[in-house]
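Colleague: sequence unknown, structure follows:
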């Protein structure tokens, strides 16, 4: 009985991508402490309104993963059979009930901050549903929307602190381009399921070689915000990470053109996840925090 309960808990954690949500929460707090806020780290950590924004975002994202998995269940049986088997430990009815509960709680938590926060997260929740239901099947729009949805929770914190410094937009542009690159790689990785279920992705419509050219272009575009950050702002030790990122992305492009099958594309996808996680923790290099 305990084993079955643990397996269902594992399935639920997989369905809501608990590890991704945890990383987003950590990233929001690190960005607040080292980039966005002018307060001390103690004041940031004790800020109840920030906590509510982070929790509201986490709940909305969890709901987004559930509804996305609901619409993709048949495709994922082909692309991610092992993960899908784990997810199926939790029934579809349970997932849908949890989806509505998570969204409701997200809006309730946001109401603690302000009415504008309620409107913001309500719009975010609706857009994630629309993406899962319709947009993700549209050529290119699915990729652009997914990458945008990934950074929107940070926008909530950015607005909360009213920090409109240009350096924030440079960071956001780099993250967006990396997320967009990851979305293109995911399309290569999932080409079998997308082709079977009529998803209009770049590899399905134009072929893998064209998709690789597009991915190479997005990687090269990443160098623009990197150059902007290196030459226009006092980013201190973050400079070392950005130079490392340049070398890392060049190596990524080399591997991209050598890759020809799903396991190799999965490895490329993981490479981008690694640099994004490193990017989350690299913000501690921006400045010395105040006690």
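Modeller: Arrived safely. These numbers were taken from a predicted model, which means no experiment stands behind them.

Colleague: neighbours around the closest residue to residue 106 other than its chain neighbours, how many?
Modeller: Nearest-residue entry for residue 106: residue 59, 3.8 Å, with adjacent residues in sequence omitted and distances by CB to CB, 6 or more residues apart in numbering. C-betas here are computed from N, CA, C, even on glycine. For residue 59, the count of nearby residues is 24 (other CB atoms under 10 Å).

Colleague: wait, doesn't residue 59 sit right on residue 105?
Modeller: Yes. Residue 59 lies in contact with residue 105 (CB atoms under 8 Å); the separation is 5.2 Å.

Colleague: one step back: ok, now which ones touch the residue nearest to residue 106?
Modeller: 102-103, 105-106, 109 (CB atoms under 8 Å, 6 or more residues apart in numbering).

Colleague: so can I have JSON lines of those residues showing neighbour count, pLDDT and distance to residue 205?
Modeller: Shown next, in JSON lines, are these (neighbours: other CB atoms under 10 Å; pLDDT from 0 to 100; distance: CB to CB, whole Å):
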{"residue": "102", "neighbour count": "21", "pLDDT": "95", "distance to residue 205": "34"}
{"residue": "103", "neighbour count": "24", "pLDDT": "96", "distance to residue 205": "33"}
{"residue": "105", "neighbour count": "16", "pLDDT": "97", "distance to residue 205": "39"}
{"residue": "106", "neighbour count": "25", "pLDDT": "97", "distance to residue 205": "35"}
{"residue": "109", "neighbour count": "22", "pLDDT": "97", "distance to residue 205": "40"}
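
Colleague: Can you tell me which of those is nearest residue 231?
Modeller: For the contacts of residue 59, the residue nearest residue 231 by CB to CB is residue 106; the value is 39.6 Å.

Colleague: quick revisit: in helices, which of the contacts of residue 59 appear?
Modeller: If you go by DSSP state H, the contacts of residue 59 have 102-103, 105-106, 109 in helices.

Colleague: Which strands and helices lie in contact with the one helix or strand residue 204 maps to?
Modeller: Using DSSP states H and E, residue 204 sits in helix 202-206. In this structure, helix 202-206 packs against helix 166-189, helix 191-196, helix 208-232, with contacts taken as 3 or more CB pairs under 8 Å, 6 or more residues apart in numbering; DSSP states H and E.

Colleague: Most tightly packed of these?
Modeller: helix 166-189 (a mean of 21; mean count of other CB atoms under 10 Å).

Colleague: Tell me how far it lies from the chain's centre.
Modeller: 9 Å (CA atoms, centre = their mean, to the nearest Å).

Colleague: Give me the helices and strands touching it, please.
Modeller: Helix 166-189 packs on helix 141-161, helix 202-206, helix 208-232, helix 262-282, going by 3+ CB pairs under 8 Å, 6+ apart.

Colleague: Residue 51 is in contact with residue 109, correct?
Modeller: No. Counting by CB under 8 Å, residue 109 does not reach residue 51; the two are 9.3 Å apart.

Colleague: who touches the strand or helix carrying residue 251?
Modeller: Using DSSP H and E, residue 251 falls within helix 238-258. By CB under 8 Å, 6+ apart, the list of residues contacting helix 238-258 from outside reads 212, 215-216, 219, 222-223, 226, 229-230, 235, 264, 267-268, 271-272, 275, 278-279, 282-283, 285-286.

Colleague: Repeat the analysis, applying 7 Å as the threshold.
Modeller: 212, 215-216, 219, 222-223, 226, 229-230, 268, 271, 275, 282, 285-286 (CB atoms under 7 Å, 6 or more residues apart in numbering).

Colleague: model confidence over that helix, on average?
Modeller: Regarding helix 238-258, the rounded mean pLDDT is 96.

Colleague: what pLDDT does residue 171 get?
Modeller: Residue-level pLDDT assigned to residue 171 equals 89.

Colleague: Now do it against residue 114, distance only.
Modeller: Residue 171 sits 25 Å away from residue 114, going by CB to CB, to the nearest Å.

Colleague: swap in residue 131?
Modeller: 25 Å.

Colleague: Which residue of the two possesses the greater neighbour count?
Modeller: Neighbours of residue 131 and residue 114, each counted by other CB under 10 Å, are more numerous for residue 131; the result is 22 against 14.

Colleague: That one is in what secondary structure piece?
Modeller: In the assignment (DSSP H and E), residue 131 maps to helix 115-133.

Colleague: what residues does that helix touch?
Modeller: Contacts for helix 115-133 (CB under 7 Å, 6+ apart): 53, 56, 60, 63-64, 67-68, 71, 103, 106-107, 110-111, 145-146, 149, 152, 156.
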